[in-house]
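A.B. asks: model the following, please.
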Amino acid sequence: MNKPTKRIIRISLLIGTIASMFFVPWILVKAWISPLPDTIQGQLDEAINLGFDGMIVYVDRSGEPPAFYGAGWKNRENKIPADPHSLFKIASVGKLYTAVAISKLAFDKSLSLDDTLADYFPELIDRIEYADKITIRMLVRHRSGIPDYIRTHNYWVHPKDNDKERLELVLDQKANFKPGTDYEYSNTNYLLLAKLIERVTGQSKFQFIKEQILDPLNLKSTFGSIHDVDLNDVMSGYYIGYENDLKTDDNGVMLATAEDLGKFIRALNDGTVFKDKKEQDIYTSIYKYEHTGLIPGYQTIAKYHKDINAVVIQFTNTVVFDGYNWNLSEIIYNRIVKILKNKTTHNNGS
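C.D. replies: Presented below is the predicted three-dimensional model:
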């Protein structure tokens, strides 16, 4: 390569670098590089200054009492401060409970993970492509190829009121891929799993979850929908650019306090949610041990951190689907975990 060519390449790279700087979401850079506070509360207070209306964090570290943190507003219109014990729409984190329920039914031989969708729903054979090839295991693992109803055109502009209407959005559609050949996260998979639990047990999905998961763990602050709770107990949800409070929207999702969700995540990871190791092995073969959730007005991050033996739950009530909002929430979460790790290192060193 001759010198003029090298010079042109260098100049092009320099111009590209300078141009890219104008498109960097600087708020993410600021959140990432700013000095780490000494406390979780300090980090939450900083997060509110970055544009979140309200946040809740719950920490359960082995050997310590649970810790609760809140910043910003539970309800910004009425200036009600964030309450760490508020109920929150946990969105897709509810899939963990569904997957545990399916594992329990498989363990009890009430269903087989290798049976097909057509075995349990013959009425869908001509309405869902490859229904006779899609196994229950594929549904749980998001390997069915069934389109996601949430990704249909303008879904959140005109969301459906119930699962029947949601399912209708993808019936008679082409599969996104042949079953088992690829992975694609699809809420339709878990809608069908909910219907399966109801068909096999004769109960609603939530009633089965309550009896088999929540009651044994003494989780009394987890609910199936907004219709089962006092809305005054629910943290308000906001979508950037839209003024209305979204807590009254019925998204068909579970609600829980951060503490209840944290106790569930702990039980999931230490195995106490399962009857025995065989039941846990079934679960391990089909799903994961942590989750995030996102719907208009509500973001949830729920994880167990083995290296510090800590469960950390983060609720954030300010959302926008287009942009950096989710990334900013994850940065805040990771910084909170880092504060905990620093504290662990300091305690071990002292």
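A.B. asks: tell me which residues touch residue 150, please.
C.D. replies: By Cβ atoms under 8 Å, 6 or more residues apart in numbering, the contact set of residue 150 is 156, 187. In this view, the C-beta of every residue, glycine as well, is placed from N, C-alpha and C.
A.B. asks: would you agree it falls within a helix?
C.D. replies: Yes - under DSSP: H, G, I helix; E, B strand; the rest coil, residue 150 falls within a helix.
A.B. asks: distance check, it against residue 191.
C.D. replies: Distance, residue 150 to residue 191, by Cβ to Cβ, to the nearest Å: 10 Å.
A.B. asks: one more: residue 248?
C.D. replies: From residue 248 to residue 191 the distance is 22 Å (Cβ to Cβ).
A.B. asks: what does the pLDDT read for residue 7?
C.D. replies: pLDDT, residue 7: 51.
A.B. asks: same check on residue 161?
C.D. replies: For residue 161, the model assigns a pLDDT of 85.
A.B. asks: try residue 138
C.D. replies: In this model, residue 138 is scored at 98, pLDDT.
A.B. asks: and it, how many residues sit next to it?
C.D. replies: 23 (other Cβ atoms under 10 Å).
A.B. asks: ok, now which ones touch it?
C.D. replies: Residue 138 neighbours (Cβ under 8 Å, 6+ apart): 144, 179-180.
A.B. asks: and it, that one's in a helix?
C.D. replies: Yes - assessed with three-state DSSP, residue 138 lies in a helix.
A.B. asks: which residue sits closest to it in space, ignoring its chain neighbours?
C.D. replies: Leaving aside its sequence neighbours, residue 138 sits nearest to residue 144 (Cβ to Cβ, 6 or more residues apart in numbering; 4.7 Å).
A.B. asks: my guess is that neighbour meets residue 185, correct?
C.D. replies: No - Residue 144 is beyond contact range of residue 185, at 10.8 Å (criterion: Cβ atoms under 8 Å).
A.B. asks: these two: which has the busier surroundings?
C.D. replies: residue 144 (32 against 12).
A.B. asks: now that one: how far from residue 197?
C.D. replies: 17 Å.
A.B. asks: what do you get for residue 327?
C.D. replies: Shown here: residue 327 relative to residue 197, a distance of 34 Å by Cβ to Cβ.
A.B. asks: ok, for residue 77, nearest residue in space, not its chain neighbours?
C.D. replies: Spatially, and ignoring its direct neighbours in sequence, residue 77 is nearest to residue 245 (6.9 Å; Cβ to Cβ, 6+ apart).
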